[in-house]
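In: attaching a predicted model along with its sequence, questions to come.
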Amino acid sequence: MAKYIIKRVAISLITIWAIITITFILMHSVPGNPFRSESKMPPGVYENLLKKYGLDKPLHEQYVIYLKRLLKGDFGESMKSRVETVNDMIKRGFPVSAYLGLQALIIALCFGPALGAMAALNQNRWPDYLSMIIAILGISVPSFILGTVFIQFLARNISWLPIAGWGTFKHTILPSLALAMMPLAYIARLMRSSMLEVLGQDYIKTAKSKGISKGAVILKHAVRNAILPIISVLGTLVSNLLVGSFVVEKIFGIPGLGMAFVSSISNRDYTLIMGTTIFYAIILILMLLFVDIAYIFVDPRIKLTEGGR
């Protein structure tokens, strides 16, 4: 198992390095620079800005300097903000996005597996059809469309919840629901297909023949094994929700990392774009690494396979 963990950690580090390199090259391949859009800028000021941010150096030198900063945990200075660095913006925005994402994840994990299990246990009956309609809508309708629908009906027409903003628990309900619908629907469909496969296995029939109650068979044998595929995709879902939806945060006026990223694109703030992109990629890869390692302890069959090798 130690070799497997070391291998996964090494692959994760190489992947992070590759993402950093690709992001750096892509951003420096864009024509112009962030200061070209500044109108009537004196040539002397323009040259000083290039020198301050190291844009006057050769590309390979900029790359080495940027890597050294990243190793120290420094994402650099924002090219547009004079009061905050990229690290400051991430520290300010990420907790908001993480809180919103975790709340959406709880909603998805509470209702997604239950919806999928209900559909599998009532195959080709109305609970199955209802669950799959909800799942199809959650997957096919983007979260920002759901967000605008929630704002229209639950905030404007009924006035149950605030339209936008941040500060109280009520402000988190609508964006959390909008963010949760896609992972909820995906988990429900995955749980349904996995549950149907498990219910047809021989050990389920054996458990029933021993006189074990239907509830015990479902909870101890069917659900326990059907939920394993959900664990394998949990890393991607968690990382996506932790960082948050950029568009949803913009719609609801939430001061999270997503809003900072959208603003950085419109302002051509290269260091902020690279910083948020790399930060998001690191979270994604770390979550996938965590899930890969956790899967060893959850599924005994992986232990046997690794031991056999």
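Out: Nice, thanks for sending it over. Numbers count the residues shown, from 1 in each chain.

In: mind checking the SS state of residue 165?
Out: Three-state assignment for residue 165 (DSSP: H, G, I helix; E, B strand; the rest coil): coil.

In: dihedrals phi and psi, it?
Out: phi 110, psi -180 (degrees, to the nearest 10).

In: pLDDT score for it?
Out: Note on residue 165: pLDDT of 79.

In: gap between it and residue 215?
Out: Residue 165 is 44 Å from residue 215, where distance means CB to CB, to the nearest Å. In this view, the C-beta of every residue, glycine as well, is placed from N, C-alpha and C.

In: can you check residue 262 too?
Out: 48 Å.

In: chain center to stretch 56-68: distance?
Out: 30 Å (CA atoms, centre = their mean, to the nearest Å).

In: residues contacting it, please?
Out: The contact list for stretch 56-68, computed with CB atoms under 8 Å, 6 or more residues apart in numbering, reads 20-21, 24, 28, 47, 50, 54-55, 76, 274.

In: quick one: buried residues of that stretch?
Out: Neighbour-count burial for stretch 56-68 flags 62-63, 66 (criterion: 16 or more other CB atoms under 10 Å).

In: turn those residues into a markdown table, including distance to residue 189 and pLDDT.
Out: Below are these laid out as a markdown table (distance: CB to CB, whole Å; pLDDT from 0 to 100):
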| residue | distance to residue 189 | pLDDT |
| --- | --- | --- |
| 62 | 45 | 87 |
| 63 | 43 | 90 |
| 66 | 41 | 89 |
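
In: thinking again about what came up before, residue 262 and residue 215: who's more crowded?
Out: Under the neighbour definition other CB atoms under 10 Å, residue 262 and residue 215 were set side by side, and residue 262 has more, 15 against 8.

In: residues in contact with the more buried one?
Out: Listed by CB under 8 Å, 6+ apart, the contact set of residue 262 reads 246-247, 249-250.

In: may I have the helix or strand where it lies exported as CSV, CA atoms only?
Out: Counting by DSSP states H and E, the element that carries residue 262 is helix 257-267. Extracted in CSV, the C-alpha atoms of helix 257-267 (Å, rounded to 0.1, in the frame of the first residue of the first chain):
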residue,chain,number,x,y,z
LEU,A,257,-13.2,33.3,-5.3
GLY,A,258,-15.4,33.0,-8.4
MET,A,259,-16.2,36.7,-8.5
ALA,A,260,-12.5,37.5,-8.1
PHE,A,261,-11.7,35.2,-11.1
VAL,A,262,-14.4,36.8,-13.3
SER,A,263,-13.1,40.3,-12.4
SER,A,264,-9.5,39.2,-13.2
ILE,A,265,-10.5,38.1,-16.7
SER,A,266,-12.3,41.4,-17.5
ASN,A,267,-9.3,43.4,-16.0
